Structures are given as structure tokens and as C-alpha cells.
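In: Predicted model and sequence follow; I will ask about them next.
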Amino acid sequence: MNPAAVATTTTAGAPAGPAGTAAGHVTFLGAGPGDPGLLTLRAVEALALADVLVGDATVLDVVRTHARTDVGTAEPVTGGGALDSGTADPAAAAQLVMASARAGKRVVRAVSGDPGLDTSAAAEMLVCARAGIPFEVVPGVAAAVGVPAYAGVPLSGDVRFVDAATASDRCWSEVGESAATLVVSTTLQTVAAAAAELVAGGRKPDTRLTVTVAGTTTRQRTWTATLATIAAELKATKALPTPEGPIAAIAVVGEGTAQREHLSWFETKPLFGWRVLVPRTKEQAASLSDQLRSYGAVPHEVPTIAVEPPRTPQQMERAVKGLVTGRYEWIAFTSMNAVKAVREKFEEYGLDARAFAGIKVAAVGEQTAQALVEFGVKPDLVPSGEQSAAGLLEDWPPYDPVFDPIDRVFLPRADIATETLVAGLVELGWEVDDVTAYRTVRASPPPADTREAIKGGGFDAVLFTSSSTVRNLVGIAGKPHNVTVIACIGPATAKTAEEHGLRVDVMAPEPSVHALAQALADFGTARRTAAEEAGDPVTRPSERRPGARRRRV
């Protein structure tokens, strides 16, 4: 792959080279063991400036969210059989890095863990130094340190680190005879052999150990056994054999592993590893998806509606002009899409947030309010209670001819919105210009693999935030499998779900998306507790046998 072909931009302000072109720069960046949240602040800064990212596919998945959308990427991968993914060929990586740097690009060479512990990265640094290419090193969290922390196994006292792939007989003998806690970088397929080496070196066969794969990610899994029983444990839990190649693992050997029962904080999150379908766009689902991730879930956004301009734009145009000419006392936003529609019309006319001067602004909820703040407008009214049209009416002041010089409200909204807000405002004495700002239409079907996962039980839960999300998801993708946990935002949405043949497991205590996510997390906690009390293994809903009936928790 030619890196010059994938990188199309240079960084403004880069120092000029001898030929008048921008001088290149290379950042050797540690991406950590897998959790993007473990990237350092300096790593995020470097990624934001990068023109080209070089690294294995799995590492690029961790870092690219912090890079520019137009960043070039290059994968110096030469075949499979690697630990978890393709392995970067050092010569190919160095060639990619040098070619981009000599073209004046800012290159981020991303490696798993810490670049200071990566022999290939060290060799590439030496190539840069000999060629006079400036570079820096941004350390990352090493897997041997980060993975035990996420597995709930503290490393304290005398700790020694062993790479099983390069350990000599003398090394195994020395660490086998010691009483130190050992952190062994190995693979799932060879961990039993490493355990046997330690026993042969002098460790007692009943010494405890933990083995963790996919550490710090929502695919993390940890086994607890002894040096003598780890092979049988992996076989009994069907961890081995595996159809794929070697799977990287971190084993911790020593009595400190006994504390995992009390310190396992990551794998015991209420929705750990759950694939949760969120029938909303990425923009709408951003804070909801973040909340789900905090519970250990893997959110998957699937838009069920698409937003289009109104068929007749004249009404919207007159209303926006009325904002400027002082026709309105209030403007009420009932969705982020309404904010977007007005903002786009403003930009069309060359207006900005200053056009709201002298007009009171209301937002139906926190997400809509945040969209206004990003537009440069601080709303005057956000419901103090329920974030809905009814909640907005609870706090809306009645029209007072003494204090309100104008009695008119501009209400930009969807073509299918209910009349609740309009009727309530009229009852409070206000005149309402009820304007269609945008139309909602059914979105295009999601990719085939997503549709199959929905119908085949590949998702653990789905969050329905309105009746329309139920109807549209079923219409574009089919009905969720009966093992999938169905969570609804309120009674009306639950009724629609039941009308479509779905069994509702979770209902939010109040009509907000965040209360819905919390309710799902509470369901997950109760489900885990019930399994542990019954002595059953803790599994995700999608891991149940196809056709198995779900129990209410």
C-alpha cells in the first residue's frame, strides 16, 4: 500500500523543510490494551493533528475515533495467524511511516500497549533517527498492567513479567522458584504449557492463577483456576479448542488472584458485553450510547426514521422571517431535529444565533437544550420535571398582556407531532404558529448482517423510545427474536410493541431515554443476581438456546 495515496492533507503550521515543503513528523503512540478510554490526553492531541495513521486494524479501530474524518490510514499487515489479528510487518511499517513522513505528513504510528515495549516500534524509531525524521513517543498502558486491573487482580509487592514466547528454561526455573506474583504474556492455546513450565520450575501445582483474553474490552473473559487445573478448566468451559488462530492472553500467577472475587469491577457491570440495539441516529443516540457503555454494553445505533424538508417550505420561511421582524414572544423546540431545521434555514438566509435576541426560547428536554447551546442559544425554559410536551406545559407561563408585549409562539416541529403542546399553549392564552419544520419518513433498511442479528437473536436488548421506533424497526428490519430483551420508554410504546407480538421486559419509570437505560441496567443486575443465587453461569440473553422462553426478573 502506498501511504502517499491514502494521505491527502497536511497539517497547517507544520515547519517548512529544506525544499519549502512541510517537514514530516512521526508520533509513536501507545494505544493501550484495547479500551479507547485508556488513551492519554497527549495521544488524543496527537491523533487530532495526524494526516496518516499507521497500524494494525484492531489498533486503528481504537484510535481513529479521535482523528480527523479525512485522515489517511495504512495497515502494514502481512497475513493472519497473529495474536487476535494481523501482525504488522516491521519492514512494511517502516516503509509506510518513512514514505509519509518524507512527503511532509504528520504520521501517527499506533501500536498496541506501549511503544517502549514494542521491539518493532523501537526498530522503526531507529530508522527515523538515522534518516533525520523528527519523532516523539507517547506512552500507553501496557497490556500486562492494564489487563489485570480490568480483571480485578491487583499487582502489588514483588511482581515479575514474563513473555512466554521468548522465555528460556532458565527464566522458567527462576520465576518458578520465586514467590513473586507473575504476569505472563501468553496465548489461550499455550497458557497450559506455560503453567506446566512453572510447575516444572518449582511452583506448587495448586498455585492460583487467572487467565484473561480480550482484556479491557467488552469481549473480556477471565478464567480462575490453578496451575494444575487450568487446562481442564479451559476445556470444560469450551474455551478450547478455538477455530481461530492464537488468542492473546494475560495470565497472573500468585495468591493475589484470590482477591478477584471481590475486586472484579469490569466484568460485573450490569450490561457487560450486551449488544444493545438503539433505534436512533448516532447524533440522537450519542449521550444514550455513552450511558449504555458505562454499564458495559455495546450500543449499536440503527436509524429507523429519516428527516426530510417539508414539502411546502413557504410556511417555514415566513415563520423564520417573523422571528427577525418581532412577530413572536416565544419559540419552542420539541426535538433536536427542530433545532437543526431552524438552524439550516438561518444559514440559508445568512442569519446566526443573534436573530434570537429578544425572543424567549423553550426546549423540551436536556438533549434539545444542548443542541441549542451548540447553536449559541441558551434556552430560557427547560422542563423541571418530565421531559415531554406535558412537562413543558407544566412550567410554561400563561399569557399576561401586561408583561408579554406579544402573544404569539412559534412552534417548529415534525409533520407527525401530536397536538398536546398546541392545545395546552392555546389554553394558557397563547396564539400558536404550528409550523411543519421537517418531515419524518421511514429510514432505509440496515445492512443485511444487522437485520439477521435482529431476527436471529444476535442482540441482547433493544431500546424502544417511541411507538414509531417500534413500527419502523419492525418494518425495515423485522421483529426482534424472542430471546432479545425488549425495553420501552412508556406505556404507549409498550402497547405498540405488544401489538407487534413483542414481549416487553423492561419499562422506564419515567419517560426519558436515560431512565430507560437505567431501567435496563437494573434488569441486567437483577438477572445476574438471580443466576448467581441459583448457582447458574452468568450469560447474556443472546447466549440462551434459540427458542428458550424468557423469564420475568
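Out: Right, received. Where do you want to start?
In: all strands of the stretch 201-350 of the chain, in order?
Out: Taking DSSP state E, counting those that start in this stretch, the strands of the stretch 201-350 of the chain run over residues 208-213, 221-226, 248-253, 275-278, 298-301, 305-308, 330-333.
In: Which stretches in the stretch 351-500 of the chain count as helices?
Out: Using DSSP state H, counting those that start in this stretch, the helices found in the stretch 351-500 of the chain span residues 366-375, 389-395, 420-427, 448-456, 467-477, 491-499.
In: What's the local residue count around residue 418?
Out: By other CB atoms under 10 Å, 11 other residues sit near residue 418. The way it works is simple: take the backbone N, C-alpha and C, and place the C-beta from them, glycine included.
In: how far away is the closest residue to it other than its chain neighbours from residue 511?
Out: Leaving aside its sequence neighbours, residue 418 sits nearest to residue 389 (CB to CB, 6 or more residues apart in numbering; 7.1 Å). Counting by CB to CB, to the nearest Å, the separation of residue 389 from residue 511 is 11 Å.
In: shaky segments in the stretch 201-350 of the chain?
Out: 282-284 (pLDDT under 70).
In: Could I have the CA atoms of the longest strand along the chain written out in CSV?
Out: Under DSSP state E, the strand in the chain containing the largest number of residues is strand 431-442. What follows is strand 431-442 as a C-alpha-only set of coordinates in CSV (Å, rounded to 0.1, in the frame of the first residue of the first chain):
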residue,chain,number,x,y,z
GLU,A,431,-51.6,32.1,19.9
VAL,A,432,-49.5,29.4,18.2
ASP,A,433,-47.9,29.3,14.7
ASP,A,434,-47.8,25.5,14.4
VAL,A,435,-45.2,25.1,11.6
THR,A,436,-44.0,21.9,9.9
ALA,A,437,-40.2,22.3,10.0
TYR,A,438,-39.4,18.8,8.8
ARG,A,439,-40.9,15.5,7.8
THR,A,440,-40.1,12.1,9.2
VAL,A,441,-40.1,9.2,6.9
ARG,A,442,-39.1,5.6,7.4
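In: so what does that strand touch, helix or strand wise?
Out: Here strand 431-442 touches strand 305-308, helix 314-325, helix 336-349, strand 408-414, helix 420-427, helix 467-477, going by 3 or more CB pairs under 8 Å, 6 or more residues apart in numbering; DSSP states H and E.
In: Strands along the stretch 51-200 of the chain, start to end?
Out: Under DSSP E, counting those that start in this stretch, the stretch 51-200 of the chain gives strands at 52-54, 72-74, 106-111, 135-138, 159-163, 181-187.
In: got a markdown table for these, with mean pLDDT and distance to residue 455 too?
Out: As requested, the strands of the stretch 51-200 of the chain are exported to a markdown table (pLDDT from 0 to 100; distance: least, CB to CB, whole Å):
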| stretch | mean pLDDT | distance to residue 455 |
| --- | --- | --- |
| strand 52-54 | 95 | 36 |
| strand 72-74 | 88 | 33 |
| strand 106-111 | 96 | 37 |
| strand 135-138 | 97 | 44 |
| strand 159-163 | 96 | 45 |
| strand 181-187 | 97 | 35 |
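In: so can I have JSON lines of these showing distance to residue 307 and mean neighbour count?
Out: Below are these laid out as JSON lines (distance: least, CB to CB, whole Å; neighbours: other CB atoms under 10 Å):
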{"stretch": "strand 52-54", "distance to residue 307": "32", "mean neighbour count": "29"}
{"stretch": "strand 72-74", "distance to residue 307": "31", "mean neighbour count": "22"}
{"stretch": "strand 106-111", "distance to residue 307": "35", "mean neighbour count": "29"}
{"stretch": "strand 135-138", "distance to residue 307": "40", "mean neighbour count": "18"}
{"stretch": "strand 159-163", "distance to residue 307": "53", "mean neighbour count": "17"}
{"stretch": "strand 181-187", "distance to residue 307": "48", "mean neighbour count": "22"}
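In: Could you say which one of those comes nearest to residue 35?
Out: Checking these against residue 35 by CB to CB gives strand 106-111 as the closest, at 14.4 Å.
In: Can you give the distance of the one helix or strand residue 529 maps to from its chain's centre?
Out: Per DSSP states H and E: residue 529 is located in helix 513-533. Mean-position distance between helix 513-533 and its chain equals 20 Å (CA atoms, centre = their mean, to the nearest Å).
In: ok now do residue 50, which residues does it touch?
Out: 27, 67-68, 71, 106-108 (CB atoms under 8 Å, 6 or more residues apart in numbering).
In: quick check, nearest of those residues to residue 483?
Out: Among the contacts of residue 50, residue 67 lies closest to residue 483 (CB to CB), at 37.2 Å.
In: thinking again about what came up before, columns distance to residue 123 and mean neighbour count on top of the strands of the stretch 201-350 of the chain, output as a markdown table?
Out: Listed next are those as a markdown table, based on distance: least, CB to CB, whole Å; neighbours: other CB under 10 Å:
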| stretch | distance to residue 123 | mean neighbour count |
| --- | --- | --- |
| strand 208-213 | 28 | 24 |
| strand 221-226 | 33 | 20 |
| strand 248-253 | 21 | 26 |
| strand 275-278 | 39 | 24 |
| strand 298-301 | 35 | 20 |
| strand 305-308 | 50 | 16 |
| strand 330-333 | 56 | 26 |
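In: out of those, nearest to residue 539?
Out: So among the strands of the stretch 201-350 of the chain, strand 221-226 is nearest, using CB to CB, at 11.9 Å.
In: Can you list the buried residues in the helix holding residue 529?
Out: 513-521, 523-525, 527-528 (16 or more other CB atoms under 10 Å).
In: Same question for stretch 287-302.
Out: Buried-residue list, stretch 287-302, by 16+ other CB under 10 Å: 288-289, 291-293, 295-302.
In: Other residues contacting it?
Out: Under CB under 8 Å, 6+ apart, the answer for stretch 287-302 is 218, 266-267, 269-282, 285, 367, 446, 450, 459-461, 463, 473, 477, 513-514, 517-518, 520-521, 524.
In: how long is that stretch from one end to the other?
Out: One end of stretch 287-302 sits 15 Å from the other (CA to CA, to the nearest Å).
In: Stretch 464-482 now?
Out: 15 Å.
In: got it, and stretch 258-276?
Out: From start residue to end residue, stretch 258-276 stretches across 32 Å - CA to CA.
In: Repeat that for stretch 103-115.
Out: First residue to last in stretch 103-115 (CA to CA) measures 23 Å.
In: so how far is that stretch off the chain centroid?
Out: 23 Å.
In: next one: stretch 487-502
Out: For stretch 487-502 - counting by CA atoms, centre = their mean - the centre lies 27 Å from the chain centre.
In: Show me what the mean pLDDT comes to for it.
Out: What stretch 487-502 shows for mean pLDDT is 94.
In: Show me which positions of it end up buried.
Out: Buried, per 16+ other CB under 10 Å, within stretch 487-502: 487-490, 493-494, 496-497, 500, 502.
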